[in-house]
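Engineer: Build me a model:
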Amino acid sequence: MNFEPVIGLEIHVQLKTKSKMFCGCNNNSEEAEPNTNVCPVCLGMPGVLPMINKEAVRFSLMVGIALGGKINCNSHFDRKNYFYPDLPKGYQISQYKCPLISGGVVEITCPLEKEKQLGKTTTYQKQIKIKRIHLEEDAGKLIHPEGADYSLVDLNRAGTPLLEIVTEPVIRSPQEASIFLKELRSIMRYLNVSNADMEKGHLRCDANVSLREEGTEILGTKTEVKNMNSFRAVEKALAYEIKRQEELLEKGKKIVQETRGWDETSEKTISQRSKEEENDYRYFPEPDLPPLEIDQRWIKEIKAKLPETSLQRRERFETEYKLNQELLKALIADKALGDYFEEVISELKEWIKDIEIKEDSARDGFVSGEKSKALAKMISQAASLIVSELIRLLNEAKVNIANCKISPENFAELITIIYQGEISQGAAKEVLGEMFKHGSDPSHIIDERGLAQINDPRSLRKIVNEVIEENTGPVSDYKSGKMQALGFLVGKVMQKSKGKANPEIVNELLRELLS
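Structural biologist: Sure thing, here's the model as predicted:
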């Protein structure tokens with residue numbers, strides 16, 4: 001029997017408002033000492049009253065509009081009753097029957113599994129439908145000291161605003177789930193409503209997984225999988241759970257509806273408890289909060305000011321800058337990196353403008369009348385260098401672009417130097433590495449290290465003649481039609497010039513002198 005996975009995700013996004021969801025406590029609990037960022041409201045003290053955070057509602061509406069959901073102008077909050085050591089009130093203020101947003105969709109692009117294995121890039125598009133998006137508050141955090149027989153409770157996070165996004169059960173593979181989560185993270189960052197850092201708990205994911213016989217619509221018994229704190233963990237946990245359920249069904253055993261946790265060490269899902277039903281939470285309308293009414297004018301105002309989404313930026317970059325899909329994917333994935341790229345482009349445009357003002361004729365190989373072509377080439381060079389080298393340097397140093405020492409101005413200057421042929425590609429990587437370490441100006445590094453490329457044909461002709469005299473065998477091979485011998489000779493010239501010779505000019509001189 002062939003089984004088909006049916007996966008639905010519940011994603012909690014920690015909103016980066018200044019204060020918590022229902023009180024005035026600072027919403028930056030990560031930097032505070034344990035149990036110091038609290039007040040009577042988020043501690044659930046008797047007699048206190050919560051108040052709705054308007055900014056959290058605005059952020060939620062931004063997400064709903066961006067995902068194409070329906071805004072429910074009349075909604076309310078509910079009490080969700082359950083008892084955990086890190087839930088001081090003994091209940092959570094959430095939304096149940098009347099969520100703030102209903103529906104919505106996130107479009108993802110996935111590689112075909114078979115094609116992926118073969119190293120091909122064929123893809124398919126899929127729309128992940130959203131069931132509901134609602135606002136709630138977070139619980140605190142339990143800390144389990146290693147080797148101790150007790151746990152500690154930190155309530156700093158209690159009351160943090162959370163946006164819960166629940167998908168329809170339309171995901172069919174761990175890969176789709178991971179790609180969807182990455183796209184959702186990108187959307188949150190572009191809207192600037194959350195840092196959406198999964199490793200830090202800003203974006204958390206639970207998955208409901210079941211199997212059904214292929215070709216049927218009847219859903220199987222589902223299990224909930226928790227404790228997945230990275231995209232890689234999501235893929236591995238779902239793959240394991242699918243295989244576990246498949247093996248049980250093939251043996252004629254039943255799937256138990258339960259909550260299972262992903263254990264990173266053993267790479268297995270482990271049973272935690274039986275799965276609660278909705279009636280176990282004893283939902284009822286929150287008596288301390290009035291119904292939430294949203295004015296249509298406010299929705300229109302938010303919609304008019306909505307930032308550019310990742311999809312819109314992708315389309316714009318493709319149209320304006322004519323970048324290939326590989327470059328686009330890398331530059332769009334990180335909003336801050338895309339912003340940095342556009343700052344570099346802005347500097348390049350200023351350089352072009354400066355050339356126009358100073359001189360209207362040829363200068364350093366730059367010909368008036370071809371400025372748009374020159375800019376397009378430099379933009380392409382900038383994108384390639386960012387994706388191939390700068391991202392690698394950032395990953396190796398484990399820093400993000402915000403902490404990069406290379407200013408957009410200096411990066412743009414390096415691109416103009418490369419464009420004018422003043423340094424080789426190899427030297428450019430060396431210069432970029434030094435800029436990354438120290439934040440230095442590229443021209444200073446080139447001068448200090450003597451990395452300037454030799455572009456003078458007269459100087460290069462002397463080196464080329466020496467190489468021809470010293471390598472009579474390869475010269476004879478080239479003259480007899482073995483074209484690969486030319487590459488050998490170019491390499492010898494580069495070696496003799498310590499990598500400073502302009503390879504294009506070297507090629508031209510060799511062909512000329514050997515013809």
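Engineer: pull the CA atoms of stretch 317-328 into CSV?
Structural biologist: Once non-C-alpha atoms are left out, stretch 317-328 reads as follows in CSV (Å, rounded to 0.1, in the frame of the first residue of the first chain):
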residue,chain,number,x,y,z
PHE,A,317,15.3,43.0,-9.2
GLU,A,318,14.7,40.7,-12.2
THR,A,319,13.2,43.6,-14.3
GLU,A,320,15.6,46.4,-13.2
TYR,A,321,18.9,44.6,-12.8
LYS,A,322,18.5,41.6,-15.2
LEU,A,323,19.9,39.1,-12.6
ASN,A,324,19.8,35.4,-13.0
GLN,A,325,17.7,33.2,-10.8
GLU,A,326,20.6,32.0,-8.6
LEU,A,327,21.7,35.6,-7.8
LEU,A,328,18.1,36.6,-7.3
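Engineer: Send over whatever helix or strand residue 463 lives in as PDB, restricted to the C-alpha atoms.
Structural biologist: Per DSSP states H and E, residue 463 falls inside helix 457-470. What follows is helix 457-470, C-alpha atoms only, in PDB (Å, rounded to 0.1, in the frame of the first residue of the first chain):
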ATOM      1  CA  PRO A 457      50.800  46.500 -23.600                       C
ATOM      2  CA  ARG A 458      54.500  47.600 -23.900                       C
ATOM      3  CA  SER A 459      55.400  46.300 -20.400                       C
ATOM      4  CA  LEU A 460      53.500  43.000 -21.100                       C
ATOM      5  CA  ARG A 461      55.000  42.500 -24.500                       C
ATOM      6  CA  LYS A 462      58.400  42.100 -22.900                       C
ATOM      7  CA  ILE A 463      57.200  39.400 -20.500                       C
ATOM      8  CA  VAL A 464      55.300  37.600 -23.300                       C
ATOM      9  CA  ASN A 465      58.400  37.500 -25.500                       C
ATOM     10  CA  GLU A 466      60.400  36.000 -22.700                       C
ATOM     11  CA  VAL A 467      57.800  33.300 -22.200                       C
ATOM     12  CA  ILE A 468      57.800  32.500 -25.900                       C
ATOM     13  CA  GLU A 469      61.600  32.100 -25.900                       C
ATOM     14  CA  GLU A 470      61.500  29.900 -22.800                       C
END
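Engineer: tell me the mean pLDDT for it?
Structural biologist: For helix 457-470, mean pLDDT is 83.
Engineer: Stretch 268-275 too?
Structural biologist: For stretch 268-275, mean pLDDT rounds to 88.
Engineer: From the rest of the structure, what touches it?
Structural biologist: 223-226, 237, 240-241, 244, 256-263 (Cβ atoms under 8 Å, 6 or more residues apart in numbering). Where you see a C-beta, it was placed from the backbone N, CA and C, and this is true even at glycine.
Engineer: Now find how far off-centre that stretch is within its chain.
Structural biologist: Stretch 268-275 sits 30 Å away from the centroid of its parent chain (Cα atoms, centre = their mean, to the nearest Å).
Engineer: same deal with stretch 198-217?
Structural biologist: Centroid separation for stretch 198-217 versus its chain: 20 Å, with Cα atoms, centre = their mean.
Engineer: Do me a favour and get the end-to-end distance for that stretch?
Structural biologist: Length of stretch 198-217, first residue to last, Cα to Cα, to the nearest Å: 33 Å.
Engineer: in it, what counts as buried?
Structural biologist: Going by neighbour count (16 or more other Cβ atoms under 10 Å), the buried part of stretch 198-217 is 198, 202, 203, 204, 205, 206, 207, 208, 209, 210, 211.
Engineer: Report the separation between the second one and residue 6.
Structural biologist: Computed with Cβ to Cβ, to the nearest Å, the distance linking residue 202 and residue 6 is 27 Å.
Engineer: what sits against residue 232?
Structural biologist: Applying Cβ under 8 Å, 6+ apart to residue 232 gives the contacts residue 178.
Engineer: Got phi/psi on it?
Structural biologist: With angles defined as degrees, to the nearest 10, residue 232 sits at phi -60, psi -40.
Engineer: Quick one: neighbours of residue 496, just the number.
Structural biologist: Using other Cβ atoms under 10 Å, residue 496 has 15 other residues around it.
Engineer: again with residue 17
Structural biologist: Neighbours of residue 17 using other Cβ under 10 Å come to 19.
Engineer: Three-state assignment for it, please.
Structural biologist: Of the three states, residue 17 takes coil under DSSP: H, G, I helix; E, B strand; the rest coil.
Engineer: Name the nearest residue to it, sequence neighbours excluded.
Structural biologist: residue 55 (4.6 Å; Cβ to Cβ, 6 or more residues apart in numbering).
Engineer: Give me the pLDDT for that neighbour.
Structural biologist: For residue 55, the pLDDT comes out at 98.
Engineer: Verify the stated contact: residue 169 with residue 9.
Structural biologist: No. Look at residue 169 against residue 9 with Cβ atoms under 8 Å: they stay out of range, at 9.1 Å.
Engineer: Neighbour count: the two, which is higher?
Structural biologist: When neighbours are counted by other Cβ under 10 Å, residue 169 and residue 9 differ, and residue 9 comes out ahead with 26 against 17.
Engineer: list the buried ones in the host helix or strand of the more buried one?
Structural biologist: Assigned by DSSP H and E, residue 9 falls within strand 3-14. The neighbour-count check on strand 3-14 (16+ other Cβ under 10 Å) flags 3, 5, 6, 7, 8, 9, 10, 11, 12, 13, 14 as buried.
Engineer: C-terminal to it, what's the next element?
Structural biologist: helix 54-66.
Engineer: which sections of the protein are below the confidence cut-off?
Structural biologist: Low-confidence segments of the chain (pLDDT under 70): 113-121, 276, 355-369, 456.
Engineer: Longest helix of it, counting residues only.
Structural biologist: Criterion DSSP state H: the longest helix present in the chain is helix 335-358.
Engineer: Please work out which residues outside that helix touch it.
Structural biologist: Contact with helix 335-358 is made by 186, 189-190, 310, 313, 317, 321, 330-332, 363, 366, 368, 371, 374-375, 378-379, 382-383, 386, 391, 400-402, 404, 408-409, 411-413, 415-416, as judged by Cβ under 8 Å, 6+ apart.
Engineer: Show me which of these are buried.
Structural biologist: Buried residues within those, defined by neighbour count using 16+ other Cβ under 10 Å: 186, 189-190, 310, 313, 317, 321, 330-332, 366, 374-375, 378-379, 382-383, 386, 391, 401, 404, 408, 411-413, 415-416.
Engineer: circling back to that earlier point, among the contacts of stretch 268-275, which one has the most neighbours?
Structural biologist: Within the contacts of stretch 268-275, most neighbours by other Cβ under 10 Å means residue 237, with 28 neighbours.
Engineer: quick check: domain ranges of this structure?
Structural biologist: Annotated domains of the chain cover 3-304, 310-449, 457-514 [automatic domain parsing].
Engineer: what about the longest one, start to end distance?
Structural biologist: One end of domain 3-304 to the other measures 46 Å (Cα to Cα).
Engineer: before we move on, what about the second one?
Structural biologist: Across its full length, domain 310-449 reaches 40 Å between end residues, using Cα to Cα.
Engineer: ok so, going back, which two in the contacts of stretch 268-275 are spaced the farthest apart?
Structural biologist: The span of these, defined through Cβ to Cβ, is set by 257 and 263 at 19.9 Å.
Engineer: for the residue lying closest to residue 435 once chain neighbours are set aside, helix, strand, or coil?
Structural biologist: In space, residue 435 comes closest to residue 406 once its chain neighbours are excluded; the distance is 4.8 Å by Cβ to Cβ, 6+ apart. Assigned by three-state DSSP, the conformation of residue 406 is coil.
Engineer: for residue 163, same thing?
Structural biologist: Classification of residue 163 by three-state DSSP places it in strand.
Engineer: so what's the residue nearest to it when sequence neighbours are not counted bridging to?
Structural biologist: Of all residues beyond its chain neighbours, the one nearest residue 163 is residue 13 (4.4 Å), with distances taken as Cβ to Cβ, 6+ apart. Counting by DSSP bridges, residue 13 is bridged to residue 163, residue 203.
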